[in-house]
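Engineer: Build the 3D model from these lines:
(chains A and B)
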Amino acid sequence: MLTEIPLEHILLLSAALFTIGILAVITKRHAVVVLMGIELIFNAANLNLVAFSRHDPQLLQGQLFSLFVILVAAAEAAVALAIVLKVYQHFKTANLNEIISKEG
Amino acid sequence: MLFYIFAALAILSGAYMVLTRNLLYAGFSLLLTLLSIAAIYVLLFADFVAVTQLMVYVGGVLVLILFGIMLSSRVHDKSVMSENTNVGWGVTISMLTLIGLSYTIWQAGFSSLPWIQQGDTNVLAGQKSTVQLIGIKLMTDFVLPFEIASLLLLIALMGAAYIATEKQNV
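Structural biologist: Okay, the predicted model is just below:
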């Protein structure tokens, strides 16, 4: 039961989620969607940590590390969304291209 | 088989998050992705991480993101839609990343590494859940990162509240 899911399949799923996150970060021009892509990248990294933690001889180091990653991601999301709201109030838009062209 | 269902669900809703132009649809498909990743954590015997994922991501970060979408776009005109740029570059880079990662994973042969084959069955060590082990580890080996994390959360809370205050001029 424990060995039913092969490690490679979890790693491939994590690679696919990482790719989707990269795609969202590069192609989307709304700042909040870029943040959503970053959250997907965090989740892909966490999936790898938990997958390797299943085989850890010293128990659960990967799971503990993924807990800290989740925590830092939550702090990052709070601060980043506060910054996005402030930028929206200042520039009246959250579109990154328009912000860059207005600033320069 | 449950793993493959949830994996397909995660990838499909993640792809829909990228493909859709409506920000709210993107937010709710991110919700589906996070939920299926939490289910995969359960299947990987990480119950505490799964519950934390549900509480922090689905209950906290996603609500924050939905608030951010609603506060940073005028719903009446078209700005709840997000346009794409750099599509060619984005698709090229992400496809190269996916191919490179898949090739590396396929070539590395992680399953034949000795420490992965040895430590395969002892994750629960005869216990029903990981909560007790995680608690013991957090209070012994990982007590310094734990305290630093509480300090970081306090700083992030105060910083976010300070940045988002209305009345001051930046």
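Engineer: Only C-alpha atoms from now on, for both contacts and neighbour counts.
Structural biologist: Noted.
Engineer: tell me the mean pLDDT for stretch B:30-48?
Structural biologist: Averaged over stretch B:30-48, pLDDT sits at 92.
Engineer: what's it in contact with?
Structural biologist: A:36, A:43, A:47, A:50-51, A:54, A:63, B:3, B:6-7, B:9-11, B:13-14, B:17, B:49-51, B:53-54, B:57-58, B:62, B:123, B:129-131 (C-alpha atoms under 8 Å, 6 or more residues apart in numbering or on different chains).
Engineer: taking these one by one, which sit in helices?
Structural biologist: Judged by DSSP state H, those include A:36, A:43, A:47, A:50-51, A:63, B:3, B:6-7, B:9-11, B:13-14, B:17, B:49-51, B:62, B:131 as members of helices.
Engineer: For PyMOL, what selects the buried ones among these?
Structural biologist: Here is the PyMOL command that selects the buried residues among the ones in helices among the contacts of stretch B:30-48 (16 or more other C-alpha atoms under 10 Å in any protein chain shown):
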select buried, (chain A and resi 36+43+47+50+51+63) or (chain B and resi 3+6+7+9+10+11+13+14+17+49+50+51+62)
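Engineer: middle-most residue in chain B, spatially?
Structural biologist: residue B:34 (6.1 Å; C-alpha atoms, centre = their mean).
Engineer: again with chain A
Structural biologist: Centre-most residue of chain A, counting by C-alpha atoms, centre = their mean: residue A:39, 2.5 Å.
Engineer: I'd guessed that one sits against residue A:73; true?
Structural biologist: Yes: in this structure, residue A:39 is within contact of residue A:73 by C-alpha atoms under 8 Å, at 7.3 Å.
Engineer: avg pLDDT for stretch A:19-32?
Structural biologist: The pLDDT scores in stretch A:19-32 average 91.
Engineer: what's that stretch in contact with?
Structural biologist: A:33-41, A:81, A:84, A:94-97, B:14-15, B:18, B:65, B:68-69, B:82-87, B:89-91, B:93-95, B:97-98.
Engineer: what does stretch B:49-65 give?
Structural biologist: Residues outside stretch B:49-65 that contact it (C-alpha under 8 Å, 6+ apart): A:32, A:36, A:63, A:66-67, A:70-71, A:74, A:77-78, A:81, B:27, B:30-31, B:34-35, B:38-39, B:41-42.
Engineer: if you set the cut-off to 7 Å instead, what comes out?
Structural biologist: Contacts of stretch B:49-65 with the rest of the structure, by C-alpha atoms under 7 Å, 6 or more residues apart in numbering or on different chains, involve A:32, A:63, A:67, A:74, A:77, B:31, B:34, B:38-39, B:41-42.
Engineer: If we go by neighbour counts, what in it is buried?
Structural biologist: Quick answer for stretch B:49-65 (16+ other C-alpha under 10 Å): B:49-54, B:56-58, B:61-62, B:64-65.
Engineer: Understood, closing this out.
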